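Colleague: below are the sequence and a predicted model for it; my questions follow.
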Amino acid sequence: MIGTAREIALEMFRCSDLDGEKYVFASWNRNDIRSMCVDWDLNNEDLDEVMRRLSSCLESGADIGQIHTIVETMLDERRAKRTVTVPAASLEMVMKLAGSELKRIADSAGQGGVSSEVTLKEEVKIMQSLCAALEA
């Protein structure tokens, strides 16, 4: 259950067997989660989302590892949806470099009698390295 201390206490008082049954409660607030997840810069909205997801997980039990898993999943979802702005000059430079490299490979293949398969493999390798550079 997620809620204020009052809401949680009232819910517990609604139980009929409070006198005989022992309970263990784990409670986390935003600051607790923030301190467990110092590697991430989480804002209050992120922390609320972690608490909401944690609440649904707690129905079967949870620990700090689950909190970290929730945060990592949430941030992975955010990364998958992200957009990146690249300055036009940088993009132009990358395109010029790619064009120059492709021309060099084509010239090398034409002059040295290299097969198109080898040339294609080289082109793919160059494009993958350019993609890696753009992702960094």
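Modeller: Everything's here; your move.

Colleague: for the protein, which segments count as helices?
Modeller: All helices of the chain, identified by DSSP state H, fall at 5-13, 30-36, 44-57, 64-81, 88-112, 116-135.

Colleague: which stretches of the protein aren't confidently modelled?
Modeller: Within the chain, the segments meeting pLDDT under 70 span 1, 16-18, 23-24, 59-63, 110, 112-116, 134-136.

Colleague: give me the most central residue, it.
Modeller: Asp76 (2.0 Å; C-alpha atoms, centre = their mean).

Colleague: got the contact list for that one?
Modeller: By C-beta atoms under 8 Å, 6 or more residues apart in numbering, the contact set of Asp76 is empty. Every C-beta, even on glycine, is put in place using the N, C-alpha and C of the backbone.

Colleague: what count of nearby residues applies to Val94?
Modeller: Around Val94 there are 15 other residues, counting by other C-beta atoms under 10 Å.

Colleague: find the nearest non-adjacent residue to Ser55, please.
Modeller: Of all residues not flanking Ser55 in the chain, Ile2 sits nearest, at 3.7 Å (C-beta to C-beta, 6 or more residues apart in numbering).

Colleague: give me the distance between the one you found and Leu102.
Modeller: 55 Å (C-beta to C-beta, to the nearest Å).
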